[in-house]
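1. build me a structure from this.
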Amino acid sequence: MSEPLTATATPATPGTPAQPGSSAPDPRRWRILGVIAITQLMLVLDGSIMNIALPSAADDLQIAPNDIQWAVTAYTLAFGGLLLLGGRVADYLGRKRAMLIGLVGFALASALGGAAVNAGMLFGARALQGVFGALLAPAALALVTVTFTEPRERAKAFGVFGAISGGGAAIGLIAGGALTEYLDWRWCLFVNLPIALVTAVIGARVLRESKAHGDTRFDIPGALLSTVGLVALVYGFTEAARRVPGENGTPTTVGWSDPLVVGLLVTAGVLLTAFVLLERRVRNPLLPLRIVLNRNRGGSYLVFLLVGAGLMSMFLFMTFYFQYVMGYEPLRAGFAFLPFSLVLILFAGVVARLLPQTGPKPLMITGLALAVAGMLLLTLTRPDSSYWTTVFPALVVLSLGMAMVFIPVSSTALVGVGGHDAGVASAMLNTAQQVGASLGIALLNTLALSATTSKLASLVAGGADPASPATQATANVAGYHVAFVVGAGMFALALLVAATVVVARRDDLPTEGAVVA
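-> Numbers count the residues shown, from 1 in each chain. Below is the predicted model of the structure:
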């Protein structure tokens, strides 16, 4: 599955960035990283900041409870479906240009959503945010790859990127709670406007252009197959997890046997299979199969998919636990996640220093083992548990593990990728995480609700009052525990992949622009 790598050195010329492989690092590289970090933080925050604002938005715009999930689904469908195309557009159009267009477009789409006067306007704006996000995300990671070529500096850059990717979601919950509680839900969207526009202005001065050379013709059939296939896949997962009223008013999910879900997943399978077959034949594929068939990169994508799925069980069900069981207000629930973000961000610096010394694999294996332990510790939660003695230790262990996963995996996912493919390889990493998160929500939501329903029936059969808050809390926590156990299982599978598939060592970490032979 792996192939040999050869390095190519390109001399730097005046007025151009120091190319990967040149001896002189880009003097603006840390300012460039600052622009990229703010961009990535905005994207990660947006993925969670709206979740807390949804009830307020639904009340204000009179959106039916079964329809409000489209404020999230519209974004995830556009973002997940267009990532591969966005990565290739960034390669060919230029990563700097793609970032600037993406930032301005994301700002305008956010402003449109914040000014929404009805459901259609909000959902359309969220979809437009996803379109520009799919251009921004791969361009940002690709710029990290081509800007930082020295091992220690690249490890630090990926440390910043990994810390933001892992901790930003929790920070988004705090920001969403504060904005919704003290201002208005619309500010959860308006807040992107100044951030994106100021970052674009600074980026126009600081960023260096970087683009693919050689054959830059677009694979239009491949773009259509991959985009529609990924949209169908993410939509199928999302629809399977959609909550609907069940018997006696108990919520349930649409489930995997729903005709629409089955049709979407079958369509996705057919289209994505056709996409792979097509990419084997075309001269200039949208996704060169060498990107994913290399065992280091392919293993990294699989690890990210499984981690994305498992981590959703923590964020989603701990949010439910804090608000529905412990009775926290939205802002307090957001702050309850703060230890996870702080520890991850602080420990990311340690991992970044260790990566060039130990290599990626020992860190991945240790981190995933800690992640399994942290997820299992969450099964100790009870309706009357203490936050500091039960939840806090689990979040700390989990965050230590995630810091040791995000940073090395972000590096090994781009081992041996030349400048021609940096954008699409970065997009593949984002796609794996996005698809994993969608799969995790669907699968874990279904299992958790089934376990909750079974536990509630058991309690009622034993004489408990089904309307009692204590009975409801006990049944809900039983469902959450099932999700945590399955999430731990996903981390364990990722651990197995890291141990058996990824073979990258310390000396394999990119030190110069490598191209696939």
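2. use CA for all of it now, contacts and neighbours both
-> Noted.
3. which SSE is immediately downstream of the lengthiest helix in the chain?
-> Secondary structure of the chain per DSSP state H: the longest helix is helix 422-461. Later in the chain than helix 422-461, the nearest helix or strand by DSSP states H and E is helix 469-500.
4. mind listing what's buried in that following helix?
-> 471-495, 497-498 (16 or more other C-alpha atoms under 10 Å).
5. strands of the stretch 51-200 of the chain, start to end?
-> Ranges of strands in the stretch 51-200 of the chain, per DSSP state E, counting those that start in this stretch: none exist.
6. any stretches of it with poor pLDDT?
-> Along the stretch 51-200 of the chain, the parts satisfying pLDDT under 70 run over 65-66, 166.
7. that one: helices as residue ranges?
-> All helices of the stretch 51-200 of the chain, identified by DSSP state H, counting those that start in this stretch, fall at 70-93, 95-114, 119-147, 151-182, 187-190, 192-206.
8. which among those is found nearest to Gly462?
-> Among the helices of the stretch 51-200 of the chain, helix 151-182 comes nearest to Gly462, with 37.9 Å by C-alpha to C-alpha.
9. does anything pack onto the longest helix of the chain? Which helices or strands?
-> helix 70-93, helix 119-147, helix 220-240, strand 251-253, helix 295-320, helix 469-500 (3 or more C-alpha pairs under 8 Å, 6 or more residues apart in numbering; DSSP states H and E).
10. that helix: which residues count as buried?
-> Neighbour-count burial for helix 422-461 [16+ other C-alpha under 10 Å]: 422-453, 455-456, 459.
11. next one: stretch 74-89
-> For stretch 74-89, the neighbour count (16+ other C-alpha under 10 Å) marks 74-89 as buried.
12. what does that stretch rub up against?
-> The contact list for stretch 74-89 (C-alpha atoms under 8 Å, 6 or more residues apart in numbering) reads 98, 123-124, 126-139, 223, 226-231, 234-235, 286-287, 421, 423-428, 430-431, 434-435.
13. so how far is that stretch off the chain centroid?
-> 12 Å (C-alpha atoms, centre = their mean, to the nearest Å).
14. next: stretch 193-212.
-> 22 Å.
15. neighbouring contacts of that stretch?
-> So stretch 193-212 is contacted by 16-17, 28, 31-32, 35, 38-39, 42, 90-97, 99-100, 103-104, 106-108, 110-111, 143, 146, 419-421 (C-alpha under 8 Å, 6+ apart).
16. which SS class is Val244?
-> strand (DSSP: H, G, I helix; E, B strand; the rest coil).
17. on that earlier part again, of the helices and strands packed on helix 422-461, which is nearest Thr389?
-> helix 295-320 (15.3 Å).
18. for the residue in the chain sticking out farthest from the centre, give me its contacts.
-> Farthest-out residue of the chain from its mean C-alpha position, per C-alpha atoms, centre = their mean: Gly463, at 43.6 Å. By C-alpha under 8 Å, 6+ apart, no residues touch Gly463.
19. could you check the pLDDT of it?
-> pLDDT for Gly463: 86.
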